[in-house]
Structure formats: structure tokens, C-alpha cells
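Asks: requesting a structural model of the entry that follows:
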Amino acid sequence: MKNFIIILLVLVFTDLHAQELKVTYNNRVLIDSTQLEKADRKIREILLTSAKGEDYELMIYNGVSLYEPMTLIEDKSINTSSTNSMTNYNYYETIFNDYNGKERTSSIKYSGETFLIIEKLEPIDWQIMQETKKIDSYDVKRAEAVVDGSNVTVWFTDKIPVSAGPSNFFGLPGLILQAQFGKRLITAKKIEPLTGSISLVPPVKGKKYSRKEYDDLIDAENNVKEGTTRKGNTTTTVTRN
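Replies: Numbering: from 1, shown residues only. Next comes the predicted model:
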């Protein structure tokens, strides 16, 4: 009986510990070699930077999560003013999910403008597949869904019982370690427990838009630039460098 209690306490501690995580992801664009060969020097530099990607950090604590770029996090620690090096980026997103209150707050910087979107946290209709593979030391399972009009493939591990992931992805019986949609690939690089006192709060910067207003605005801009809209897989026409 004593041994059973010890085992139970260990399991409870492990489960609670797993709910408080910091995950570092690399968020990059998959570049076609043909596209790279045809590009001029300036465009080639942009493409190579996109292929290298940016690091994002996902913090999960007490029923909420915060996903934001590491560059922005570093800027916060150096300078709390509204001006930071992220102004040089064409696109970045900060996403706060409140799983208890079922609400998402997103601050999205695109083409020099910042949008603030507050919306209901809608469940994702995931289809879990039979296919498996390894990411680092983790056995992961494949799942697919259509999210915001894009076909998304993710790989998650039920060895880390946290129903969260990068960007807008959540709702699986385990942490999402990799996600691909269009030419965008997001992969976990490092997983570690949170330490110390943590306070996660939603972003507040940006002009308020509904999700539909934001999508319509991006559609109109893409239509002018490339003659496409973001329906289906063409969501990837949004430039994210």
C-alpha cells in the first residue's frame, strides 16, 4: 500500500509538472530550389533568411499558453519601449490561448501594421492517423485537420500530456512537436519545465479586428499582389518572413 501511494504521488507530480512547460520551436519556410535559382540576389537573401526561420517560444502554465517570437521576448528584456527590432520583420504572431475560458487573443504584425484579434477558442476537428515516426527521442503520431482554411499536418506525442502546440494548433492528446501547412514548417527544438514565478497575459497591442475582417483584408492584399485568395491551401500566399 505504501509503495502504491508513492507511485501515485510520483504520477500526480509528473502530470502536474508536464502541464508547466516551455517549448522552443523553429518556424521556417520550405524553399523550392528552383525558385531559389531563379531569384535575383536580393530575393535570394530574403528566401534564405525565411528558410533559416525564426525561433518561437511556447509557454504553458495553469490552463493558458503564450506563443511568441524569441526576438520579441529578447527585446522586452532589453527595452520596454514600443520600438524594437521586430519592426523590421514582415510578419510575426503572438498568440495567447485561455483553455479554461475558451478564448484566444492574437497580436499579428503584418506589413508594418499590428492587428489584435480576440475570438472564441473553437475546437479543431483532428483526424488522428496510424502513421508514426520519431522526432528526437519522442515517438510521435500524425494528425490532420483544416485550420483557418489551410490543410494542416501535425505530429504529436502523448508522452507529454499537454493539449497544446505552436501557432493556432491545439486540442490533441499530447504536445504538438511539429506542424506543416503549405510551405510553413514549425518544429520543436527544446522542451523544458517552467521554473520560478510565471505570469502569462494576453497581448494588448494592435488595432482590433474580427477574424473575418482580418482574413478579408489579407485576401484583398494577396489578390492585388498575386491574383489569389487564402481559400484552401493558397493561404500560403501570405508572405511570412
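Asks: which stretches of the chain form helices?
Replies: 2-18, 33-38, 41-52, 70-78, 211-226 (DSSP state H).
Asks: which of the ones you listed has the lowest average pLDDT?
Replies: With a mean of 35, helix 2-18 has the lowest mean pLDDT of the helices of the chain.
Asks: need the pLDDT of the residue nearest to residue 102 when sequence neighbours are not counted.
Replies: Spatial nearest neighbour of residue 102, excluding adjacent residues (Cβ to Cβ, 6 or more residues apart in numbering): residue 121 at 4.5 Å. Bear in mind the C-beta positions are built from the backbone N, C-alpha and C, glycine included. Listed pLDDT for residue 121 reads 95.
Asks: next: residue 132.
Replies: For residue 132, the predicted pLDDT is 97.
Asks: repeat for residue 31
Replies: 68.
Asks: so for stretch 143-162, mean pLDDT?
Replies: Here the average pLDDT along stretch 143-162 is 95.
Asks: contacts for it, please.
Replies: Under the contact criterion Cβ atoms under 8 Å, 6 or more residues apart in numbering, stretch 143-162 has outside partners 15, 18-19, 21, 60, 124-129, 133, 135, 138-142, 165, 168-169, 172-182, 191, 215, 230-233, 235-236.
Asks: and what of stretch 125-137?
Replies: So stretch 125-137 is in contact with 139-146, 155, 157, 171-172, 177-178, 187-188, going by Cβ under 8 Å, 6+ apart.
Asks: which among those residues gets closest to residue 100?
Replies: For these, the closest approach to residue 100 (Cβ to Cβ) belongs to residue 171, at 14.2 Å.
Asks: which pLDDT value goes with that closest one?
Replies: For residue 171, pLDDT reads 96.
Asks: that one and residue 121 touch, don't they?
Replies: No. Using Cβ atoms under 8 Å, residue 171 is not in contact with residue 121; the gap is 9.1 Å.
Asks: shouldn't residue 25 be in contact with residue 58?
Replies: Yes. If you go by Cβ under 8 Å, residue 25 and residue 58 touch, sitting 6.5 Å apart.
Asks: what residues do those two have in common as contacts?
Replies: By Cβ under 8 Å, 6+ apart, the residues touching both residue 25 and residue 58 are residue 166.
Asks: identify each buried residue in stretch 133-142, please.
Replies: Using 16 or more other Cβ atoms under 10 Å as the test for burial, stretch 133-142 gives 138, 140, 141, 142.
Asks: ends of that stretch, how far apart?
Replies: 8 Å (Cα to Cα, to the nearest Å).
Asks: use 42 as the first number for this chain going forward.
Replies: I'll keep to 42 as the first residue from here, and by that count the last item is stretch 174-183.
Asks: how far away is the closest residue to residue 179 other than its chain neighbours from residue 62?
Replies: Among residues not flanking residue 179 along the chain, residue 198 sits closest, at 4.4 Å (Cβ to Cβ, 6+ apart). As judged by Cβ to Cβ, to the nearest Å, residue 198 and residue 62 stand 12 Å apart.
Asks: likewise residue 215?
Replies: 12 Å.
Asks: and the contacts of stretch 184-203, which of them are buried?
Replies: 59-60, 62, 101, 165, 167, 179, 181-183, 206, 209-210, 213, 215-220, 222-223, 232, 256, 271, 276-277.
Asks: number of residues surrounding residue 173?
Replies: When counting by other Cβ atoms under 10 Å, one arrives at 11 neighbours for residue 173.
Asks: who's it bridged to?
Replies: Bridge pairing for residue 173 (DSSP bridges) gives the partners residue 182.
Asks: then residue 139?
Replies: The partner residues for residue 139, given DSSP bridges, come to residue 105, residue 144.
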